[in-house]
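[1] got a predicted structure plus its sequence, pasted below:
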Amino acid sequence: NAGVTQTPKFRILKIGQSMTLQCAQDMNHNYMYWYRQDPGMGLKLIYYSVGAGITDKGEVPNGYNVSRSTTEDFPLRLELAAPSQTSVYFCASSSLSQGANNEQFFGPGTRLTVL
Amino acid sequence: QKEVEQNSGPLSVPEGAIASLNCTYSDRVSQSFFWYRQYSGKSPELIMSIYSNGDKEDGRFTAQLNKASQYVSLLIRDSQPSDSATYLCAVNAYGNKLVFGAGTILRVKS
């Protein structure tokens, strides 16, 4: 299993440009998440999904959009990039919660710089 | 606002010593608690989870939970230079969403 994969690894955008960060998992996990991590900070939840066709906002959703058409893929769309979106973006997934024990598996991250 | 607080560090310990990392959380309904290790430039990886009051041991790692005090800690025995990383505390308040602390930088000096 490849686990959680993310592309691209690095990207530089100009202010106002748009892009899509790709995330895929091959573990048949229902839950998927997008986080951003700013230097010296913890992970902030942007959006999450509990299954195909179902998405919801996290703590910091402004400036982003998501879709979940399949169990495997959970792309994150940035519209009109701003310098404040310079960050490292992590995608994660976990299986359907049957209790308290539910590990989130993280992808390798995408480092985005907006200039 | 659900919050998870950690001392940012850096916490410096000599090789072979016990490293003690602490975390407090604000939401009393939190049920699940996790410690992730993150090496510089890498993604977080789960090292411990704990759900009940008391201690949970796994190799050199011990997680301690006190729900009454809203406090969770991670002890690393016989610290090694390879343990040098940022340790993130995460709390599951509801559903399957985690709230992360900002992390504690641990440096183990040989």
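    Received it, and whenever you're ready, just let me know what you need.
[2] and residue A:31, how far is that from residue A:57?
    From residue A:31 over to residue A:57 the distance is 15 Å, taken as CB to CB, to the nearest Å. C-betas here are computed from N, CA, C, even on glycine.
[3] actually, residue A:21.
    Taking CB to CB, one finds residue A:21 at 17 Å from residue A:57.
[4] what residues does chain B put near chain A?
    B:4, B:8, B:31-32, B:34, B:42-46, B:49, B:51, B:88, B:90, B:92, B:95-103 (CB under 8 Å from any CB of the partner chain).
[5] longest single strand anywhere in chain B?
    Among the segments of chain B that qualify as a strand by DSSP state E, the longest is strand B:85-94.
[6] so what's the gap between it and the chain middle?
    6 Å (CA atoms, centre = their mean, to the nearest Å).
[7] what ranges do the strands span in chain A?
    A:4-7, A:10-13, A:19-25, A:31-37, A:43-51, A:54-57, A:64-66, A:76-78, A:87-94, A:105-106, A:110-114.
[8] out of those strands, which is the most enclosed?
    Mean neighbour count (mean count of other CB atoms under 10 Å in any protein chain shown) peaks for strand A:31-37 among the strands of chain A, with a mean of 25.
[9] packing partners for that strand?
    strand A:19-25, strand A:43-51, strand A:87-94 (3 or more CB pairs under 8 Å, 6 or more residues apart in numbering or on different chains; DSSP states H and E).
[10] make a markdown table out of those and add mean pLDDT.
    Formatted as a markdown table, the helices and strands packed on strand A:31-37 follow (pLDDT from 0 to 100):
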| stretch | mean pLDDT |
| --- | --- |
| strand A:19-25 | 97 |
| strand A:43-51 | 94 |
| strand A:87-94 | 96 |
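[11] nearest to chain B, of the ones you listed?
    strand A:43-51 (4.3 Å; CB to the nearest CB).
[12] for the residue nearest to the spatial centre of chain A, name its beta-bridge partners.
    Taking CA atoms, centre = their mean, the centroid of chain A lies closest to residue A:34, which sits 2.6 Å from it. Here residue A:34 shows beta-bridge partners residue A:47, residue A:91, assigned using DSSP bridges.
[13] do you know how far it is from residue B:35?
    22 Å.
[14] C-alpha coordinates for stretch A:104-115, PDB please?
    Below are the C-alpha coordinates for stretch A:104-115, written out as PDB (Å, rounded to 0.1, in the frame of the first residue of the first chain):
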ATOM      1  CA  GLN A 104      -4.900   9.400  11.300                       C
ATOM      2  CA  PHE A 105      -2.400   8.600   8.700                       C
ATOM      3  CA  PHE A 106      -0.700  11.500   7.100                       C
ATOM      4  CA  GLY A 107       0.700  12.200   3.600                       C
ATOM      5  CA  PRO A 108       4.100  13.600   3.100                       C
ATOM      6  CA  GLY A 109       2.900  17.200   2.700                       C
ATOM      7  CA  THR A 110       2.900  19.900   0.100                       C
ATOM      8  CA  ARG A 111       5.000  23.000   0.700                       C
ATOM      9  CA  LEU A 112       3.300  26.000  -0.900                       C
ATOM     10  CA  THR A 113       4.700  29.500  -1.200                       C
ATOM     11  CA  VAL A 114       2.600  32.400  -2.500                       C
ATOM     12  CA  LEU A 115       4.500  35.400  -3.600                       C
END
